[in-house]
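Asks: sequence unknown, structure follows:
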């Protein structure tokens, strides 16, 4: 398929996933804060970090941060920006995605612009966040049932799982950091509440309890293990990496046993690293370092995707430069 | 929208019983030909059945249908963008639910006239880019053609595959006060609007399923396949029966991007931007995730100027460097061919009836609107004398830009045009104001006559096919004769009626 179109597919999917994850963590954080008194600095700042917002200087009050992360059009990480970017990518490749997908994508984009969504946000915050989560779920459902399961679909899958792996690692990282900041010994129940919140952020609360966990371990270690290593939980890092591998090999047609292009090689490297690692090892040394490795690897993977699939290279270097000049003028919607 | 519904329901508390019927208060235009009614409350006999069904609707019922239609448009994202607006702002093309019907015998006449016209235009293009017989025999002033802004001297001596130049043409027709169809202009470069024809039909079928069951309306849905087959029939030599066809678009910020995407989707071809293509060894390739793929036919929705920075505008980032080399080597078909714009020149348009006589030895079936070519001294004098009566148009503009509507103009505007006309007479033509036919249209003041035109689409490969119907554009403001979407016009679904089975040919 056309390289540029593949890139739009990939970003459409990433933005949808990003909107869903933002809604998840906003809701969970808000719920968590109903039960606990935390210093203002610790309430919402970690959430901004998860979302990659480092230059936020305005009020750290709950409503201000939520409004910023939900409605601020100037904030590229806000839900409304993610939905708008997803929709813009979809608009550009309308002939690739199915008509049903476009119609729903456009419907929810318009819904976000409308007073109805604002009203829901003001009067039933939880329902609002639930609705945002369902947008991504619905679109992936429609895609599964209506889009050709060819190359475009595989890029759609790849975008989803890469974004998700990254989000899971980030949520875990920042929340883990928050929990370790709770120094007082009396805060054990608080620590548990935090871990429950992490599980809920990832829709992992019930799946986690269905899986067997060693009682000898602290809850935190079990949760971290589940979110990183569980092979069948659809939001765990290992699961997402495995799905990404499947998508990438379906795109290239190369056998799994022989990683050939840069994307396959980087993914294989990450998968091997995860295979060799254990949670005890990670917890013992530094969970933060391990998770940062995951996030960085996925960032590198994005670069490899760009080099391998999106930036079509012709043999002669002179012409390549010219193309790079051109592509910058045609704003591909991505971040 | 919601307010209008509420207001009309407030007037008619027992909707369905006491509510006024849709056309009850409709009054035809005092001068214009009415597309639906012969007189007050009396529909044209050809549309008796259709009007019987629509006319049974009450106003509130109609408002419900309108709300449903609006929702379909918004959710489908059927939009266009206006250049003067902020980049990326999309609008919904206003749509009116009352169809604009065309009687079967009228359509037969239009269809014949358009086929005749496109045949002559194509022969003219071949001629002016080869022997220029028509210029040598002075049927058309040579200077007028050769100095046209859209004449491409690069095309001289080159024959496009299948000798076909105008693969898609949108010819704008209007109907005068007597009901006669006239040609207002030809759009032989990259005519747009056909996606609205197809989408309007989808919406109408959803809103009025029963009407379609009872009134025999000719299908428009085959357009994308017809266009694809037609393009496939004029592939370059060696491309085989299944050439790779792509649609080349200027990109998502172009006002017609929706249409490009719509057509690509429905034709089952790739939509590409200039940056997706490159030329190597005079062949055109598509950049794919699995390497290069050769392209045979390019349905381009990009003006000549932007096609190839090596040959035309060097600053174009939308085109493909080297594309014209590949074209001239015969390795790729461009549709439409380069240089067709010379026929869109409104001064050249004035000579199309002469072209028909010259090449086909026939009289034109569809007459032109009488046109004064300001490049001629006597025509210029005539025009300057009657600026308040005439419509003055720039020869290479479209979309309602660069024109003076005499009777509606101010003294300042006329003074401005007087200067422009004297400075550059070649750039202008003048026409009498045609009182365009009117069609009942729903407005804030209820059902009112509004002026309409008709743009049928003619698709030519090795054969010619005319889409039965076309885009009916409608002015939405009272008295306005300007129907362009960029000037606040709307559209209607055009219903070409099937000929009755018993009918024995043309009247």
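Replies: Sure, I can see it. The structure presented is a predicted model; accordingly, all values stated were derived computationally and were not measured. Numbering: from 1, shown residues only, chains lettered A, B, ... in the order given.
Asks: Quick check: buried residues in stretch A:99-111?
Replies: Neighbour counts over stretch A:99-111 (16 or more other C-beta atoms under 10 Å in any protein chain shown) mark A:101, A:102, A:104, A:105, A:106, A:107, A:108, A:109 as buried. From N, CA and C alone the C-beta is placed, and that goes for glycine too.
Asks: what about the second one, helix or strand, and which?
Replies: If I follow you right, that is residue A:102. Assigned by DSSP states H and E, residue A:102 belongs to helix A:99-113.
Asks: between the buried residues of stretch A:99-111, which is nearest chain B?
Replies: residue A:106 (4.1 Å; C-beta to the nearest C-beta).
Asks: For residue B:97, give me the backbone phi and psi.
Replies: Taking degrees, to the nearest 10, you get phi -80, psi -20 for the backbone angles of residue B:97.
Asks: ok, it - contacts?
Replies: B:62, B:65, B:66, B:69, B:204, B:207, B:442 (C-beta atoms under 8 Å, 6 or more residues apart in numbering or on different chains).
Asks: one step back: does the helix holding residue A:102 come close to chain B?
Replies: Yes. Using C-beta under 8 Å from any C-beta of the partner chain, we find that helix A:99-113 touches chain B at A:99, A:102, A:103, A:106, A:107, A:110.
Asks: picking that back up, in strands only, show me the contacts of residue B:97.
Replies: residue B:442 (DSSP state E).
Asks: which parts of chain B sit against chain A?
Replies: Going by C-beta under 8 Å from any C-beta, the residues of chain B near chain A are B:74-77, B:251-252, B:257-258, B:261-262, B:264-265, B:270-276, B:278, B:280, B:286-289, B:317, B:321.
Asks: circling back: could I get the buried residues of stretch A:99-111 as a markdown table with pLDDT?
Replies: Shown next, in a markdown table, are the buried residues of stretch A:99-111 (pLDDT from 0 to 100):
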| residue | pLDDT |
| --- | --- |
| A:101 | 93 |
| A:102 | 91 |
| A:104 | 92 |
| A:105 | 94 |
| A:106 | 91 |
| A:107 | 92 |
| A:108 | 94 |
| A:109 | 93 |
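Asks: Surely residue B:382 touches residue B:371?
Replies: No. At 11.6 Å, residue B:382 and residue B:371 do not qualify as touching, with contact defined as C-beta atoms under 8 Å.
Asks: quick one: common contacting residues for the two?
Replies: Common neighbours of residue B:382 and residue B:371 (C-beta under 8 Å, 6+ apart) are residue B:430.
Asks: out of the buried residues of stretch A:99-111, who's nearest residue A:85?
Replies: Distance to residue A:85, by C-beta to C-beta, is smallest for residue A:109 among those, at 10.0 Å.
Asks: Tell me who's in contact with the closest one.
Replies: By C-beta under 8 Å, 6+ apart, the contact set of residue A:109 is A:83, A:84, A:86, A:87.
Asks: Residue A:97 versus that one, what's the distance?
Replies: Per C-beta to C-beta, to the nearest Å, residue A:109 is found 14 Å from residue A:97.
Asks: Same check on residue B:70?
Replies: Counting by C-beta to C-beta, the gap from residue B:70 to residue A:97 is 24 Å.
Asks: Between those two, which is the more surrounded one?
Replies: Each of residue B:70 and residue A:97 has its neighbours counted (other C-beta atoms under 10 Å in any protein chain shown); residue A:97 has more, 26 against 16.
Asks: Can you classify that one by secondary structure?
Replies: Look at residue A:97: counting by DSSP: H, G, I helix; E, B strand; the rest coil, its state is coil.
Asks: That one touches residue A:90, doesn't it?
Replies: Yes. Counting by C-beta under 8 Å, residue A:97 touches residue A:90, with 6.0 Å between them.
Asks: joint contacts of these two?
Replies: Counting by C-beta under 8 Å, 6+ apart, the common neighbours of residue A:97 and residue A:90 are A:12, A:105.
Asks: quick revisit: just give me the closest of the contacts of residue A:109 to chain B.
Replies: Nearest to chain B among those, counting by C-beta to the nearest C-beta, is residue A:87 at 8.8 Å.
Asks: picking up where we left off before, for the contacts of residue A:109, work out which two are farthest apart.
Replies: Of all pairs drawn from these, the greatest distance, 7.3 Å, lies between A:84 and A:86 (C-beta to C-beta).
Asks: Skipping adjacent residues, who's closest to the residue of the stretch 1-150 of chain B found nearest chain A in space?
Replies: Going by C-beta to the nearest C-beta, chain A is nearest to residue B:77 of the stretch 1-150 of chain B, at 4.1 Å. Nearest non-adjacent residue to residue B:77, counting by C-beta to C-beta, 6 or more residues apart in numbering or on different chains: residue A:106, 4.1 Å away.
Asks: OK, contacts around that neighbour?
Replies: Contacts of residue A:106 (C-beta under 8 Å, 6+ apart): A:87, A:90, A:91, B:74, B:75, B:76, B:77.
Asks: try 7 Å this time
Replies: Taking C-beta atoms under 7 Å, 6 or more residues apart in numbering or on different chains as the criterion, residue A:106 is in contact with A:87, B:75, B:77.
Asks: Check whether residue B:57 really touches residue B:22, as I assumed.
Replies: Yes. Counting by C-beta atoms under 7 Å, residue B:22 is a contact partner of residue B:57 at 4.9 Å.
Asks: Those two: which has the busier surroundings?
Replies: residue B:22 (22 against 18).
Asks: For residue A:1, which non-adjacent residue is spatially closest?
Replies: The shortest distance from residue A:1 to any non-neighbouring residue, by C-beta to C-beta, 6+ apart, is to residue A:151 (4.7 Å).
Asks: ok but residue B:451 is inside a strand, no?
Replies: Yes. Counting by three-state DSSP, residue B:451 is part of a strand.
Asks: For it, list the residues it contacts.
Replies: Here residue B:451 is in contact with B:32, B:436, B:438, B:475, B:480, B:481, B:483 (criterion: C-beta under 7 Å, 6+ apart).
Asks: if you set the cut-off to 6 Å instead, what comes out?
Replies: Residue B:451 is in contact with B:436, B:438, B:475, B:481, counting by C-beta atoms under 6 Å, 6 or more residues apart in numbering or on different chains.
Asks: among those, which are in strands?
Replies: Going by DSSP E, the strands hold residue B:438 from the contacts of residue B:451.
Asks: now for the contacts of residue B:451, which pair is the farthest apart?
Replies: Within those, B:438 and B:481 form the most distant pair, 10.2 Å apart (C-beta to C-beta).
Asks: more crowded one of those two?
Replies: residue B:438 (24 against 18).
Asks: Who is that one paired with across the strands?
Replies: The partner list for residue B:438 in beta bridges (DSSP bridges) reads residue B:34, residue B:451.
Asks: what about it, distance to residue B:73?
Replies: Distance of residue B:438 to residue B:73, given as C-beta to C-beta: 24 Å.
Asks: Secondary structure element holding residue A:190?
Replies: Assigned by DSSP H and E, residue A:190 falls in helix A:188-201.
Asks: ok, and what's touching that helix?
Replies: Taking C-beta under 6 Å, 6+ apart as the rule, helix A:188-201 contacts A:24-25, A:28, A:32, A:171, A:175, A:179, A:182, A:205, A:208, A:219-220, A:223.
Asks: Any chance of TSV for these, columns distance to chain B, neighbour count and pLDDT?
Replies: Output for these, formatted as TSV (distance: C-beta to the nearest C-beta, whole Å; neighbours: other C-beta atoms under 10 Å in any protein chain shown; pLDDT from 0 to 100):
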residue	distance to chain B	neighbour count	pLDDT
A:24	27	21	88
A:25	30	25	86
A:28	32	21	82
A:32	37	21	77
A:171	31	24	86
A:175	37	27	77
A:179	43	20	74
A:182	47	16	65
A:205	35	16	87
A:208	38	23	90
A:219	44	18	81
A:220	42	21	82
A:223	38	27	89
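Asks: Tell me which residues touch residue A:81, please.
Replies: Residue A:81 touches nothing, counting by C-beta under 6 Å, 6+ apart.
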